[in-house]
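Undergrad: Fold the following, please.
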Amino acid sequence: MNQDNINKLMTQALAIEAEEAKDAGALGFMARALVQATMPHKKQEKNEFVRKNGDFKLTMLAPSHIGLPYGSIPRLLMAWICTEACTTKKRELVLGRSLSEFMEQIGLVPKGETPTGGRWGNITRLRDQMARLFSCAISCTYTADEVWAIQNVTPVTKANLWWDPKHPNQMTLFESTITLGEDFFNEVTEHPIPIDLRALKALKRSPLALDIYTWATYKTFKINMGHSKGGSIVPWVLLHNQFGSNYAHNAQGIRNFKKEFLKELHKVYCLYEGLNVSEEKNGLSIGAGKTHIKSLKTSKS
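TA: As a prediction, the model looks like this:
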């Protein structure tokens, strides 16, 4: 990461520290299952994707003609969805009548900037990832000794998107909406993971950095609340299972993953003052530290 990027992240970090997320209107939430295990970072050839975190396994399935969601955009979308669900307490979420306004809300374009179309434009990429995310189903399984449990959820059961991609600033006659699956809605609103949306927007160019930020925030919160033991070493092989979807399941793949993980962790450090994570010989240690979001009564995780 070059010095200009470091300076930019440090400037954003100072702004975050100066004003609490709630006061700044930047308090957001993420689904617990997508913090414990992560979505694909890059495009997948198959329509099934599996991540593991200890006894927890996340499986995503998508129609083969649409494909699985991947990259930063589904993470920004999911953060917006979870935040709106927790804020409004409604399964039907209003995305608004202007595509530009919605893209500003999720942090895909700066305020006042017109989104771009064409093959590589951000409008095209958003529409593609929305179709992928809204079409997939998620299965969460827990396996420990003699205990086995499963929960199948469909994040979005209905979507009505009325925007005209050729005129992103134009207000549509009808509001674009999505309806969340009941089980997904209940999981998100009963066990929300608090995050700072400004941090997500600052890290949006790296899906791995976004995953590390939400994981570190969640782990620190649990340790400080006494729900998780701090100071223990998380082996690189386990972190690879949780985060390393792009790397081979062998010794070289884990070494490559470790190198990339530490590079992206440095970006998170720049934004998250008080994060108590250190590299150890065989893994990563995370201990009690400053939570990026103050303890919230709404979080039951």
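
Undergrad: Please determine how far residue 184 is located from residue 81.
TA: 9 Å (Cβ to Cβ, to the nearest Å). No exception for glycine: its C-beta is placed from N, CA and C like everyone else's.

Undergrad: Overlap in contacts, the two.
TA: residue 155 (Cβ atoms under 8 Å, 6 or more residues apart in numbering).

Undergrad: In this protein, where is pLDDT below threshold?
TA: For the chain, the stretches with pLDDT under 70 are 1-20, 24, 227-231, 294-301.

Undergrad: does the residue nearest the centre of it count as helix, strand or coil?
TA: Geometric centre of the chain, nearest residue: residue 75, 3.9 Å, by Cα atoms, centre = their mean. Following DSSP: H, G, I helix; E, B strand; the rest coil, residue 75 is assigned to helix.

Undergrad: Quick check: closest non-adjacent residue to it.
TA: residue 210 (4.9 Å; Cβ to Cβ, 6 or more residues apart in numbering).

Undergrad: didn't the one you found look like it was pressed against residue 203?
TA: Yes: judged on Cβ atoms under 8 Å, residue 210 makes contact with residue 203 at a distance of 5.2 Å.

Undergrad: just to revisit the earlier point, for the residue nearest to the centre of the chain, give its distance to residue 211.
TA: Applying Cβ to Cβ to residue 75 and residue 211 gives a distance of 8 Å.

Undergrad: Over to residue 247?
TA: Distance from residue 247 to residue 211, by Cβ to Cβ: 14 Å.

Undergrad: neighbouring contacts of stretch 148-163?
TA: Contacts of stretch 148-163 (Cβ under 8 Å, 6+ apart): 78, 81, 95, 97-99, 102, 130, 133-134, 136-142, 172-181, 183-184, 187.

Undergrad: secondary structure class for the nearest residue to residue 93 once chain neighbours are set aside?
TA: Distances taken as Cβ to Cβ, 6+ apart put residue 84 closest to residue 93, at 4.7 Å, once the chain neighbours are dropped. With three-state DSSP as the basis, the three-state label of residue 84 is helix.

Undergrad: pretty sure residue 84 is touching residue 96, no?
TA: No: counting by Cβ under 8 Å, residue 84 stays clear of residue 96, with 10.9 Å between them.

Undergrad: So which of the two has more stuff around it?
TA: residue 84 (21 against 17; other Cβ atoms under 10 Å).

Undergrad: you'd agree residue 288 is up against residue 222?
TA: No: between residue 288 and residue 222 there is no contact under Cβ under 8 Å: 10.1 Å.

Undergrad: So for these two, which sits in the more crowded spot?
TA: Taking other Cβ under 10 Å, residue 288 and residue 222 do not tie; residue 222 has more neighbours (17 against 14).

Undergrad: what helices or strands is the helix or strand containing the more buried one leaning on?
TA: Using DSSP states H and E, residue 222 sits in helix 207-224. Helix 207-224 is packed against helix 33-36, helix 72-88, strand 193-196, helix 197-202, helix 236-243, helix 251-271, strand 283-286, with contacts defined by 3 or more Cβ pairs under 8 Å, 6 or more residues apart in numbering; DSSP states H and E.

Undergrad: Alpha carbons only: can I get it in PDB?
TA: Taking C-alpha atoms only, helix 207-224 is exported to PDB below (Å, rounded to 0.1, in the frame of the first residue of the first chain):
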ATOM      1  CA  PRO A 207     -13.400  -7.400   0.000                       C
ATOM      2  CA  LEU A 208     -10.800  -9.100   2.200                       C
ATOM      3  CA  ALA A 209     -10.200  -5.900   4.100                       C
ATOM      4  CA  LEU A 210     -14.000  -5.500   4.600                       C
ATOM      5  CA  ASP A 211     -14.100  -9.100   6.000                       C
ATOM      6  CA  ILE A 212     -11.200  -8.500   8.300                       C
ATOM      7  CA  TYR A 213     -12.800  -5.300   9.600                       C
ATOM      8  CA  THR A 214     -16.200  -6.800  10.400                       C
ATOM      9  CA  TRP A 215     -14.600  -9.900  11.900                       C
ATOM     10  CA  ALA A 216     -12.200  -7.900  14.100                       C
ATOM     11  CA  THR A 217     -15.100  -5.700  15.300                       C
ATOM     12  CA  TYR A 218     -17.200  -8.700  16.100                       C
ATOM     13  CA  LYS A 219     -14.400 -10.600  17.900                       C
ATOM     14  CA  THR A 220     -13.300  -7.600  20.000                       C
ATOM     15  CA  PHE A 221     -16.900  -7.000  21.000                       C
ATOM     16  CA  LYS A 222     -17.400 -10.600  22.100                       C
ATOM     17  CA  ILE A 223     -14.100 -10.700  24.000                       C
ATOM     18  CA  ASN A 224     -14.900  -7.400  25.800                       C
END
